[in-house]
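**Q** Got a sequence here, can you build the structure:
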Amino acid sequence: MERQNYQNNKVDFGFTQISADEKPQKVREVFESVAHNYDVMNDLMSLGLHRLWKKRLIEELQTGRDLLDIAGGTADIARAYLQKGGKHVTLCDLTHDMLQQGQARIINQHPSMMQNLSFINGDAENLPFMAQQFDYVTIAFGLRNMTFKQQALNEAHRVLKLGGRLLILEFTPVDDDGIKQFYDWWSFNILPKLGGLIAKDADSYSYLAESIRQFPKADAVAKMMQQSGFAQCKWQKLNLGIVAIHSGYRVWVRNNNDSC
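**A** This next block holds a predicted model:
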């Protein structure tokens with residue numbers, strides 16, 4: 001399935017507008033920069049809450065299935081699902097350095113899992129997989145970094161088996177004014193300083209904070225999923241609406257290109 005030519009389109013990169021063909025490389029550079037400290041920074045940024053959010057996501061997955069984890073990075077979701085009893089996880093990420101971190105982590109801590117894992121350096125908007133290949137697709141904190149989110153959702157739909165399920169864990173805009181005030185202060189004052197201190201890269205963490213503010217609200221994400229062909233689309237907000245778990249099922253074949 002060929003990716004369309006979006007060269008002349010303008011898209012968000014945080015609060016900045018750039019040409020669409022620039023964004024994948026810029027996102028890759030961000031995660032190349034933070035890869036070695038990504039797990040430590042996740043704990044600091046979320047005060048450890050990201051572990052609970054990911055645990056809640058894994059609770060939605062049944063055992064003995066094939067999972068594609070898009071933007072799987074350092075293999076948090078892959079490891080947790082295999083520990084639960086997953087059959088096989090294909091971990092796909094745009095950034096080679098993130099994949100290396102995830103692979104090294106599994107080899108060092110859970111070497112027996114390697115026989116049930118595949119690591120693929122790939123683009124979520126043009127997945128290198130056959131149609132109807134996976135029981136589940138998960139995207140944890142990755143969708144907001146994608147250039148064309150609708151295309152990524154189309155691809156997730158394409159590679160799911162009929163009856164398969166997409167689960168997205170992502171930050172979502174905060175509605176409560178009191179929570180938003182503290183959240184903005186933390187995001188734009190503390191996170192860049194932590195990024196500069198721990199990862200030696202304040203700019204990347206400024207971008208990540210900005211990207212959260214640019215991400216659509218939960219109901220808009222549900223509409224995008226429906227547009228890609230997903231059914232029973234719903235979401236559940238966690239921790240005062242800071243993050244949401246989105247869910248949808250593939251129940252029909254979109255078009256002839258699904259057989260690609």
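
**Q** Met130 reaches Arg158, doesn't it?
**A** No - because the distance of 9.1 Å does not satisfy C-beta atoms under 8 Å, Met130 is recorded as not touching Arg158. For the C-beta atoms, the positions are set from N, CA and C on the backbone; glycine is no exception.

**Q** Between the two, point out the one with more neighbours.
**A** Arg158 (25 against 12; other C-beta atoms under 10 Å).

**Q** if I look at that one, how far off is Arg165?
**A** Taking C-beta to C-beta, to the nearest Å as the measure, Arg158 falls 14 Å from Arg165.

**Q** what's the answer for Lys223, then?
**A** Using C-beta to C-beta, we find Lys223 at a distance of 18 Å from Arg165.

**Q** neighbour-wise, which of those two wins?
**A** Neighbours per residue, other C-beta under 10 Å: of Lys223 and Arg165, the larger number sits with Arg165, 21 against 13.

**Q** can I assume the more buried one is in contact with Tyr249?
**A** Yes - with contact defined as C-beta under 8 Å, Arg165 reaches Tyr249; the gap is 5.3 Å.

**Q** any common contacting residues for these two?
**A** With contacts defined as C-beta atoms under 8 Å, 6 or more residues apart in numbering, no residue is shared by Arg165 and Tyr249.

**Q** count of residues packed around Glu210?
**A** Glu210 has 16 neighbours, counted by other C-beta under 10 Å.

**Q** Quick check: it touching Phe15?
**A** Yes - using C-beta under 8 Å as the test, Glu210 is close enough to Phe15 to be in contact (4.8 Å).

**Q** just the helices in the stretch 151-260 of the chain please.
**A** Counting by DSSP state H, counting those that start in this stretch, the stretch 151-260 of the chain has helices at residues 177-185, 191-194, 202-214, 218-227.

**Q** How about the first one, which residues are buried there?
**A** Residues of helix 177-185 classed as buried: Tyr183 (neighbour count, 16 or more other C-beta atoms under 10 Å).

**Q** same check, this time on the longest one
**A** Within helix 202-214, the residues that qualify as buried are Ser204, Tyr205, Ser206, Tyr207, Leu208, Ala209, Glu210, Ser211, Ile212, Arg213, counting by 16+ other C-beta under 10 Å.
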